[in-house]
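Enquirer: Sharing a model prediction with you, sequence too.
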Amino acid sequence: MKKYWREGEPMVWATGAAMALTLMIAATLIVVILVNGLGVFWPKNLTLATLDDGSRVLGEITQRKPAASGEGMRLQFKIGNRDLYGLDFRWIDEANIVKREEPAAALTLERKEYGNFYGMLTSVSGPNLSGTDLPALERLLERVKEEAEQARNLDKEMAALNRDVAKLEQHRQKLTHQGDEKNAEDVAAIDRRLQELRAGFDRIMADQAAAAAELRGYTATFVAADGREKTLQAFDIVRYYPPNALGAFAKSWVYLDKVKELFVGEPREANTEGGLFPAIFGTVMLIFLMSLFSFPLGVLAAVYLKEYAKDGPLVRMVRIAVNNLAGIPSIVYGIFGLGFFVYGLGSGLDQLLFPERLPTPTFGTGGILWASLTLALLTVPVVIVATEEALGAIPSGIREGSLALGSTKFQTLVRILLPMASPGIMTGLILAMARAAGEVAPLMITGVVKLAPTLPLDGTFPFLHLDRKFMHLGFHIYDIAFQSPNVEAALPMVYVTTLLLVLIVLMMSSLAIYLRNKMKKRYTYGTF
Amino acid sequence: MDQDTRVTPAAEPDVPVIDVKKLNFYYGNSQALYNLNLTFPRRQVTALIGPSGCGKSTFLRCLNRMNDLVDGTRVEGEILLGGTDINGPAMDVIELRRRVGMVFQKSNPFPKSIYENVIYGLRSAGVKDKAALGEAVERSLKGAALWDEVKDRLQESALGMSGGQQQRLCIARAIAVNPEVILMDEPCSALDPKSTARVEELIGELRQDYTIIIVTHNMQQAARVSDYTAFLYEGLLVEHGATKKIFMKPKNKQTEDYITGRFG
């Protein structure tokens, strides 16, 4: 027995068990996200259940659990039709169900408002268009799509006009802010121009109203499971499919279409449906900007600490402080970012550059610039530590070899040390990026929003709008999981968003790891 | 490159290239070298011998100021290179290291191609002319007896060479910048006998053009390759003279004990 302990057998078991436990936790997490996230967009069959009281229910079966009475099971139906029933979900005891069938004619409709509608098509109507079958519905939606295109052009015209007006108004503000007498003429000219532009508003608005009225003319009527009829405007229908009539292949098409919408579409219904494009874009851009700030800052600081600073108590203290910086709660960084960047630097910039817009803040409010700077601050210790370690791992013979050949310290650094340290520096950047991608708390007070009307990068001058607020997948998860009015309906989106965030982090890390390995092959000492 | 700055070689070999006068060296408060007076004649090989910790390497590193890199070191006395004190204001340390090259105990090729390794010093000195660089590579590799082995793979990594080849590459790298003096700090201690023999042969050839100062633990090696030998013990210069004299008829009892292997 003594021998058993001495040889460390229990240690082997303990270490193995610890390893297995951590692996299991991580694997469980990944599997849960994958299973739930990947399944969300698969078109589920619709079940029409006839209950013992004669009423009928149509919907997707989402859960099966023991009944409250303790006997038998109960089913959770996603019955949709929020505008008719007021609820999306309903629990039904299996004992109460008399008959279950999957009618081929049952349709799932995804709508712009009120969530899904489940029912059968009764009729289709529009100018020069009518019918009662699916091809008719298809024709209807085609026509609406064309009309909507025209309406969108009007919207674009309106947006352009709005932009012009805003620009002129800003210019006018600037002129009046300067308070110079000579500007009076210019201001008058601007006022005249504004008047002209505003006349354009009325014209476009009238056109828009006409287009909307025309769109309203296209409708489709459906009948719900309880026999109630509902007439929907075709414009509100995002997608329809009869899941029970589709084979696996056709369902795959629907699945892919929904995935595409996820990546390129805009969110709707308080973010619980639709696409995630703005959030994906915001997340990637935030991490990118963060790297842009923290990478050079961290590397330069580490080079100073390791190569130029004379080792002593002060340098050691700085090093300990840097290491501890990495352990400060991220919300503290957030508050610092809010106080220093947003209220300090931001307000200062506003007074300096945009005094005419005050008190409306431009940079003096949360935005992607301040959020990424805050994250850069949060991750810079990681980069510093990694760079210092990478520089320290270079054999001193290499340094001496370079200096002994008459190279300066700077030449040695640039030509030998930094290239050799680059794999280690990249590792630091990967860690920093992974940490930044997972942070939500500091963003919430430095510029993330539930719904951003515009992206921080677009086609209008100056293209990169660092003052804009942005959407973020991490905040999106928090928002729809805990802040949405209909949590149960939002649940699938939570899984999808989580999966997407994990994927993005994975992809950015993979890219960095690929780069690191490429550098490693070139520069690492003695691995040939 | 630095042809102009190079002192024209004097005809007689006994004109010293390096003249060390009253050298004291300290690591912080502890003294490592005591009052060394020593000259290194032009185009001769001088071996520094002595037991571990006697200050050979420290002394060698004083000659191209590599000890500057160590915090808390202090030098007293004069080291004259062609008449100029290397620790004085008239000497730039970069310039000094170009004139006094060094080969280390452990071969330390850079993780670059063989070509880039050889021209590293020239690049640092700002030489950009491709033809001049190519010419320097051939001359240096030939000088280090490496040309025939690597001429077909100059663009390959230097780390793929054998240990002996790496050490000879380091020698080639050192002579590429046309130094006056080459310092060698136990250049063969990590090599097998065959590579050692090649490097020793090479030292014999290099002494025609360069002044060489070599630190070694191997008595036979010192006897084989050097013209002069200096024996250091605990920071003191015990005996200095022609190698033959030192090995045949040492004046000092300590020297005799050391070279006959009775201690050290």
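Expert: Now that the structure is in, tell me what you want to look at. Residues are numbered from 1 along each chain as shown, chains lettered A, B, ... in the order given.

Enquirer: Point out where chain B drops to low pLDDT.
Expert: B:1-15, B:263-264 (pLDDT under 70).

Enquirer: does the residue positioned nearest the centre of it belong to a helix or a strand, and which?
Expert: What sits nearest the mean C-alpha location of chain B, by Cα atoms, centre = their mean, is residue B:183, with 0.9 Å. If you go by DSSP states H and E, residue B:183 is part of strand B:181-185.

Enquirer: mind saving the C-alpha coords of that strand as PDB?
Expert: Presented in PDB, the C-alpha positions along strand B:181-185 are these (Å, rounded to 0.1, in the frame of the first residue of the first chain):
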ATOM      1  CA  VAL B 181      41.100  40.400 -35.200                       C
ATOM      2  CA  ILE B 182      39.000  37.300 -34.700                       C
ATOM      3  CA  LEU B 183      38.200  36.300 -31.100                       C
ATOM      4  CA  MET B 184      37.300  32.600 -30.700                       C
ATOM      5  CA  ASP B 185      35.700  31.500 -27.400                       C
END
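
Enquirer: residue boundaries of the helices in the stretch 201-350 of chain A?
Expert: For the stretch 201-350 of chain A, helices defined by DSSP state H, counting those that start in this stretch occupy the ranges A:248-264, A:277-303, A:313-325, A:330-336, A:347-353.

Enquirer: So which of the ones you listed is nearest chain B?
Expert: Evaluated with Cβ to the nearest Cβ, the helices of the stretch 201-350 of chain A place helix A:313-325 nearest to chain B, the distance being 11.6 Å. Every residue, glycine included, has its C-beta placed from N, CA and C.

Enquirer: Would you mark the buried spots in that closest one?
Expert: Residues of helix A:313-325 classed as buried by neighbour count (16 or more other Cβ atoms under 10 Å in any protein chain shown): A:319, A:322, A:325.

Enquirer: before we move on, what about stretch A:227-238?
Expert: Using 16+ other Cβ under 10 Å as the test for burial, stretch A:227-238 gives A:230, A:232-238.

Enquirer: same question, stretch B:42-53
Expert: B:42-50.

Enquirer: Filter these down to the ones in strands?
Expert: B:45-49 (DSSP state E).

Enquirer: Can I get those residues in TSV including distance to chain A?
Expert: Formatted as TSV, these follow (distance: Cβ to the nearest Cβ, whole Å):
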residue	distance to chain A
B:45	19
B:46	19
B:47	20
B:48	17
B:49	22
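
Enquirer: returning to what we had before: can you spell out which helices and strands pack onto the strand holding residue B:183?
Expert: Counting contacts by 3 or more Cβ pairs under 8 Å, 6 or more residues apart in numbering or on different chains; DSSP states H and E, strand B:181-185 packs against helix B:56-62, strand B:100-103, helix B:163-176, strand B:211-215.

Enquirer: Off-centre distance for it?
Expert: 0 Å (Cα atoms, centre = their mean, to the nearest Å).

Enquirer: Stretch B:185-205 now?
Expert: With Cα atoms, centre = their mean, you get 13 Å for stretch B:185-205.

Enquirer: Flag every buried residue along it.
Expert: B:185-188, B:190-191, B:195-196, B:198-200, B:202-203.

Enquirer: go on, stretch A:76-93?
Expert: Buried residues in stretch A:76-93 (16+ other Cβ under 10 Å): A:76-82, A:84-85, A:88-89, A:92-93.

Enquirer: Give me the buried positions along stretch A:458-467.
Expert: A:465-467.

Enquirer: same question, stretch A:259-277
Expert: A:261-262, A:265, A:267-277.

Enquirer: Let me know how buried the closest residue to residue B:61 other than its chain neighbours is, in neighbour terms.
Expert: The shortest distance from residue B:61 to any non-neighbouring residue, by Cβ to Cβ, 6 or more residues apart in numbering or on different chains, is to residue B:67 (4.9 Å). Around residue B:67 there are 19 other residues, counting by other Cβ atoms under 10 Å in any protein chain shown.

Enquirer: my read: residue B:67 touches residue B:75, true?
Expert: Yes - the criterion here is Cβ atoms under 8 Å, and residue B:67 meets it with residue B:75 at 7.4 Å.

Enquirer: quick one: common contacting residues for these two?
Expert: residue B:25 (Cβ atoms under 8 Å, 6 or more residues apart in numbering or on different chains).

Enquirer: hey, where'd the strands end up in the stretch 51-200 of chain A?
Expert: Here the stretch 51-200 of chain A has its strands, by DSSP state E, counting those that start in this stretch, at A:56-66, A:73-78, A:89-93, A:97-101, A:107-111, A:117-126, A:129-131.

Enquirer: near chain A, which residues of chain B show up?
Expert: Contact residues, chain B versus chain A (Cβ under 8 Å from any Cβ of the partner chain): B:64, B:66, B:69, B:71, B:94-95, B:97-98, B:101-102, B:104, B:106, B:108-111, B:120-121, B:123-125, B:157, B:159-160, B:170, B:173-174, B:177.

Enquirer: I'd like to know how far residue A:392 sits from residue A:318.
Expert: Distance check for residue A:392 against residue A:318: by Cβ to Cβ, to the nearest Å, it reads 15 Å.

Enquirer: what does residue B:213 give?
Expert: Taken as Cβ to Cβ, the span from residue B:213 to residue A:318 is 41 Å.

Enquirer: Please apply the same query to residue A:400.
Expert: 26 Å.

Enquirer: sorry, back to before: from the ones in strands among the buried residues of stretch B:42-53, pick the one nearest residue A:180.
Expert: Nearest to residue A:180 among those: residue B:48, at 82.8 Å, using Cβ to Cβ.

Enquirer: The closest one contacts residue B:61, correct?
Expert: No - checked against Cβ under 8 Å, the pair residue B:48 and residue B:61 is beyond contact range at 11.4 Å.

Enquirer: who touches the spatially most central residue of chain A in this structure?
Expert: For chain A, residue A:279 is the residue whose C-alpha lies nearest the centre (Cα atoms, centre = their mean; 2.4 Å). Residues near residue A:279 by Cβ under 8 Å, 6+ apart: A:267, A:471-473, A:475-476, A:497.

Enquirer: re earlier: just put the strands of the stretch 51-200 of chain A in CSV and tack on mean pLDDT and distance to chain B.
Expert: Output for the strands of the stretch 51-200 of chain A, formatted as CSV (pLDDT from 0 to 100; distance: least, Cβ to the nearest Cβ, whole Å):
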stretch, mean pLDDT, distance to chain B
strand A:56-66, 90, 59
strand A:73-78, 90, 61
strand A:89-93, 89, 63
strand A:97-101, 90, 70
strand A:107-111, 91, 57
strand A:117-126, 89, 65
strand A:129-131, 81, 73
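
Enquirer: so of the ones you listed, which one's packed in deepest?
Expert: strand A:107-111 (a mean of 22; mean count of other Cβ atoms under 10 Å in any protein chain shown).

Enquirer: ok and that one relative to strand A:56-66, angle-wise?
Expert: 90 degrees (axes from the mean of the first three to the mean of the last three Cα atoms, to 10 degrees).

Enquirer: List the strands paired with strand A:107-111, with their directions.
Expert: Within its sheet, strand A:107-111 is paired with strand A:117-126 (antiparallel), strand A:237-241 (antiparallel), according to DSSP bridges.

Enquirer: To residue A:43, which of these lies closest?
Expert: strand A:237-241 (5.9 Å).

Enquirer: Relative to the whole chain's centre, how far out is the closest one?
Expert: Distance, centroid of strand A:237-241 to centroid of chain: 24 Å (Cα atoms, centre = their mean).

Enquirer: again with stretch A:67-86
Expert: On Cα atoms, centre = their mean, the centre of stretch A:67-86 falls 32 Å from the chain's centre.

Enquirer: what are the C-alpha coordinates of it, in PDB please?
Expert: Taking Å, rounded to 0.1, in the frame of the first residue of the first chain, the C-alpha atoms of stretch A:67-86 are listed here in PDB:
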ATOM      1  CA  ALA A  67     -47.700  15.700 -17.400                       C
ATOM      2  CA  ALA A  68     -48.400  17.900 -14.400                       C
ATOM      3  CA  SER A  69     -50.900  15.400 -13.000                       C
ATOM      4  CA  GLY A  70     -48.200  12.800 -12.800                       C
ATOM      5  CA  GLU A  71     -49.800  10.400 -15.200                       C
ATOM      6  CA  GLY A  72     -48.800  10.200 -18.900                       C
ATOM      7  CA  MET A  73     -46.900  12.800 -20.900                       C
ATOM      8  CA  ARG A  74     -47.700  16.300 -22.100                       C
ATOM      9  CA  LEU A  75     -46.600  18.000 -25.300                       C
ATOM     10  CA  GLN A  76     -45.600  21.500 -26.000                       C
ATOM     11  CA  PHE A  77     -47.000  22.900 -29.200                       C
ATOM     12  CA  LYS A  78     -45.600  25.900 -30.900                       C
ATOM     13  CA  ILE A  79     -49.000  27.100 -32.200                       C
ATOM     14  CA  GLY A  80     -47.800  30.500 -33.500                       C
ATOM     15  CA  ASN A  81     -50.500  32.800 -34.800                       C
ATOM     16  CA  ARG A  82     -49.700  35.300 -32.000                       C
ATOM     17  CA  ASP A  83     -52.100  37.800 -33.400                       C
ATOM     18  CA  LEU A  84     -55.000  35.300 -33.100                       C
ATOM     19  CA  TYR A  85     -54.200  33.500 -29.900                       C
ATOM     20  CA  GLY A  86     -51.900  35.900 -28.000                       C
END
